[in-house]
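In: mind folding the following:
(chains A and B)
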Protein chains: 2
Amino acid sequence: MKKILKNAYVLMSADADIKKMDILIDDDIIVELSDQMYIEDKEKIEDKYEIYDFTNKLIIPGFINTHTHLAMSLFRGIGDDLTLQNWLFNEMFPREDLLNDDLTYYGSLVSILEMLSKGITTVVDMYLFMEGTARAVKDTGIRAFLTRGLGYDNDDGWKRRIDETIYLFENYHNKYNIKVGFGPHAPYTCPMNKLEEISELAKKYNTFTTIHLYESVNEREMYSIQEIEKTGLFKNNVIAAHCVHVDEEDIKIIAKNEVTVAHNPSSNLKLGNGIAPILKMLEHEVNITLGTDGAASNNTLNLWEEMRLASLLQKSNGPEKFKTEEALRMVWENGGYALNEKIGRIEEEYKADLAIIDLNNFEFYPIDLNRLKSHLVYSPINKVYATMINGEWVYYDGEYPKLKESDYSGKFHKLYFDLEKKFKKSKGE
Amino acid sequence: MKKILKNAYVLMSADADIKKMDILIDDDIIVELSDQMYIEDKEKIEDKYEIYDFTNKLIIPGFINTHTHLAMSLFRGIGDDLTLQNWLFNEMFPREDLLNDDLTYYGSLVSILEMLSKGITTVVDMYLFMEGTARAVKDTGIRAFLTRGLGYDNDDGWKRRIDETIYLFENYHNKYNIKVGFGPHAPYTCPMNKLEEISELAKKYNTFTTIHLYESVNEREMYSIQEIEKTGLFKNNVIAAHCVHVDEEDIKIIAKNEVTVAHNPSSNLKLGNGIAPILKMLEHEVNITLGTDGAASNNTLNLWEEMRLASLLQKSNGPEKFKTEEALRMVWENGGYALNEKIGRIEEEYKADLAIIDLNNFEFYPIDLNRLKSHLVYSPINKVYATMINGEWVYYDGEYPKLKESDYSGKFHKLYFDLEKKFKKSKGE
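Out: Take a look at the predicted model:
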């Protein structure tokens, strides 16, 4: 049934003005925007349309989270205060060795439910046991771009991971709101000839690629962006996460190849990696998007926090250097551009991926249309009022209408405590 | 009536372990903490005690916000993307000229209600038309340390502001949960002989002082901390806000004089002032607390955000450099120490200033006692379940039990839009 969202304020895109508008949605698409939807005969209408009165609510495009490791909500808050090496080798890797599809299902489910409650409608994910994650995507309705993380240890291991990617592609690509792509972990875990192989595969399967790039400073000793360019990887649609330690030459190559940067400001600070040179990238017109990264290195999966932090960090160079609209573009239009989808704007023919915000929260006071963009960027909230993906409510006033599993918290915690027990046993504790 | 808070997890202080404990509160004081409160005869008990079942909730000390300008919620989101000078002279000062006690009452009321919903129980404030703010404090029940901002323009202006401080002291000090102190705005607006005068007055009235110190880099050209030390100001109980641009010599003087630093990481970034050298201050054992600053330069009045940001900014030097407990001390014990009050810990004989958190939020998943401190610091929330000050509920499950005014939002917005109209008229628009 068609839906009409009435009486709300609407922010169509980062650069638009906020206006009162009604939105008509047919199936998964926004078909009409109007100052005041014409309603012929009220009685008849109510049989043909679901009508929602969103007085004192603000409708914005759903947020696009371009770098996540969904299953890692299982690892939230583990080893925060350790050095990066200690955290990775003694806390993260041994736990990852214990994962399976059941764990990644519940870990991903909890992450996705958190994101839906915060207005995130699209994620780009890279991790292990991705079938568990794909099932969680299917059960929640989030729009997902999934990749199996690829690293080279030996030929057998590499082949197994490529096969897992192809399996995922054949069983989930273009189904359940999922697109499957390639996820070479990083240039220091995938040698250049393997990146070549991936660039051929991504071309063959006509899909996107995502990779970690220059996250930590020591990567500068390990590879150069010129080498990567030569592998042909950048000829595909590529999202490069982090890019903290890029110099101006690197940025020029990123810009020239139209590689999208997924900026993860919280994760970069939390793991001690620093601040990406966003102003310099903007000068070169790089397409910048935002990511939460996984819960282990953030901890909250909240793009409101990333917008705020990205803005504050750049404003430190002068309050006028980074504009409110810039942050909004990063979670909306730039994400849609990166993923080549009609998302990230409220516009006719665009996908009906929306977040509805209750303005009756102190974060949005004064409720003045001239101030609301500032409130959106600088006053993070934990919960939107409702989230719609493809014209369907996936979160509505605290409930998840699509979700059948009612005991996700119990199951998540049972699996978590079992995992912790096994981890401790493996350490001989 | 005595209150028993039962079945909750309790974090008594930053360095404590989280344990299940019952808390007995008599009037405004925590009188007993126990693994399991002994209850003699259940029937009798319910006449003598209010009993609260806080299963699956976490009780923490209320947060102490050591730098605020409460009334500035009226200015949230104004001129974000302007240079500091443009923002101050063209947006802030002309609006401040239009303030009165009615405006500061509703501005402060909205700020305090926001803070109570986030678990903040104490504020240190400096602003104008402070009687409006004092009335809002009285009506909401927050613990407040209030100062009239003092700057020198001419002798008459100076005398008027000192008189306003004395008036406030005589009418509000040690009443309605308020202490009144002295608020010299900054060393560049109060000449050294005026700081001398204030240091004498603070001694005479035996109260605290708060001042802005080295917020922006250009202040280094304007005064030296050695001069200030000579005025005697530091002999009183002093909270110095910001201290972004202090060098190691300055830090030594701050430490030697036991001046408390109110660190405002969001405001410092948003106004383009940079990052205070917190690790260096910790080396010198400076007492560091956290502040939200006013809503105009933040925007959200949320100490959860300040804990997160303070931690992330320092972790950028290496994840092991700044520990979870350090951030918690800044919002709890260090605040109590700065204000010389038994607040900031859950301990027998301490004031019953508490925040109750519902753990059934994704921010706190996995709900594992070993992870909860990390969740507290890195996963900001907008709303706690309940907030208690002096043994009284000031916020409870979305309601404000003490508040009589029901239309604060309507009145706040009416005054706000009137102010904006006058402001535009004054600019000839």
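
In: quick one: least confident helix or strand in chain A?
Out: In chain A, no helix or strand scores lower on mean pLDDT, DSSP states H and E than helix A:42-48, which sits at a mean of 66.

In: just checking, next helix/strand downstream of that one?
Out: Scanning forward in sequence from helix A:42-48 by DSSP states H and E, the next helix or strand is strand A:49-53.

In: hmm, who's touching that next one?
Out: With contacts defined as C-beta atoms under 8 Å, 6 or more residues apart in numbering or on different chains, strand A:49-53 is touched by A:1-7, A:45. C-betas here are computed from N, CA, C, even on glycine.

In: one more pass at 10 Å, please.
Out: Strand A:49-53 has contacts (C-beta atoms under 10 Å, 6 or more residues apart in numbering or on different chains) with A:1-8, A:22-26, A:37, A:39, A:42, A:45, A:356, A:386, A:388, A:393, A:396.

In: you'd agree A:Arg371 is up against B:Ser73?
Out: No: with contacts counted by C-beta atoms under 10 Å, A:Arg371 stays clear of B:Ser73, the gap being 11.3 Å.

In: in strands, which of the contacts of strand A:49-53 fall?
Out: When DSSP state E is applied, the contacts of strand A:49-53 are split such that A:2-8, A:22-26, A:356, A:386, A:388, A:393, A:396 fall in strands.

In: from those residues, list just the buried residues.
Out: A:3-6, A:8, A:22-25, A:356, A:386, A:388, A:393, A:396 (16 or more other C-beta atoms under 10 Å in any protein chain shown).

In: and the residue of the stretch 101-250 of chain A found nearest chain B, how far is that from B:Ile389?
Out: Closest to chain B within the stretch 101-250 of chain A is A:Glu114: 3.7 Å, counting by C-beta to the nearest C-beta. Using C-beta to C-beta, to the nearest Å, A:Glu114 is found at 31 Å from B:Ile389.

In: right, and the helix or strand after the helix or strand containing A:Ile166?
Out: Using DSSP H and E, A:Ile166 sits in helix A:155-172. Using DSSP H and E, the helix or strand that follows helix A:155-172 in sequence is strand A:178-180.

In: for whichever helix or strand comes after that next one, packing partners?
Out: Downstream of strand A:178-180, the first helix or strand assigned by DSSP H and E is strand A:183-184. Contact analysis of strand A:183-184 by 3 or more C-beta pairs under 10 Å, 6 or more residues apart in numbering or on different chains; DSSP states H and E lists strand A:120-127, strand A:143-150, helix A:155-172, helix A:192-204, strand A:209-213 as its packing neighbours.

In: can you put these in a markdown table and add distance to B:Trp304, mean pLDDT and mean neighbour count?
Out: Output for these, formatted as a markdown table (distance: least, C-beta to C-beta, whole Å; pLDDT from 0 to 100; neighbours: other C-beta atoms under 10 Å in any protein chain shown):
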| stretch | distance to B:Trp304 | mean pLDDT | mean neighbour count |
| --- | --- | --- | --- |
| strand A:120-127 | 20 | 98 | 27 |
| strand A:143-150 | 29 | 98 | 25 |
| helix A:155-172 | 37 | 97 | 15 |
| helix A:192-204 | 41 | 98 | 17 |
| strand A:209-213 | 29 | 98 | 26 |
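
In: does the closest residue to A:Asn334 other than its chain neighbours count as helix, strand or coil?
Out: Leaving aside its sequence neighbours, A:Asn334 sits nearest to A:Thr289 (C-beta to C-beta, 6 or more residues apart in numbering or on different chains; 4.8 Å). Following DSSP: H, G, I helix; E, B strand; the rest coil, A:Thr289 is assigned to strand.

In: any idea of the mean pLDDT for stretch A:319-328?
Out: Across stretch A:319-328, pLDDT averages out at 95.

In: whoops, I mixed them up, stretch A:245-252
Out: On average, stretch A:245-252 scores 98.

In: buried ones in that stretch?
Out: A:245-246, A:250-251.

In: just put these in CSV and tack on secondary structure and distance to chain B.
Out: Below are the buried residues of stretch A:245-252 laid out as CSV (DSSP: H, G, I helix; E, B strand; the rest coil; distance: C-beta to the nearest C-beta, whole Å):
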residue, secondary structure, distance to chain B
A:His245, coil, 13
A:Val246, coil, 17
A:Asp250, helix, 21
A:Ile251, helix, 21
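
In: and these, which two are the farthest apart?
Out: Spatial extent of the buried residues of stretch A:245-252 (C-beta to C-beta) is set by the pair A:His245 and A:Ile251 at 11.3 Å.

In: and stretch A:75-90, C-alpha only, in CSV?
Out: Listed next in CSV are the C-alpha coordinates belonging to stretch A:75-90 (Å, rounded to 0.1, in the frame of the first residue of the first chain):
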residue,chain,number,x,y,z
PHE,A,75,33.8,-7.2,21.2
ARG,A,76,32.6,-3.8,22.3
GLY,A,77,34.7,-2.5,25.2
ILE,A,78,37.4,-5.2,25.1
GLY,A,79,40.9,-4.0,25.9
ASP,A,80,40.3,-0.3,25.3
ASP,A,81,43.4,0.8,27.2
LEU,A,82,46.0,-1.5,25.6
THR,A,83,48.6,-0.7,23.0
LEU,A,84,47.3,-1.4,19.5
GLN,A,85,49.6,-4.5,19.1
ASN,A,86,48.6,-5.9,22.5
TRP,A,87,44.9,-5.3,21.7
LEU,A,88,45.1,-6.9,18.3
PHE,A,89,47.2,-9.9,19.0
ASN,A,90,46.1,-10.8,22.6
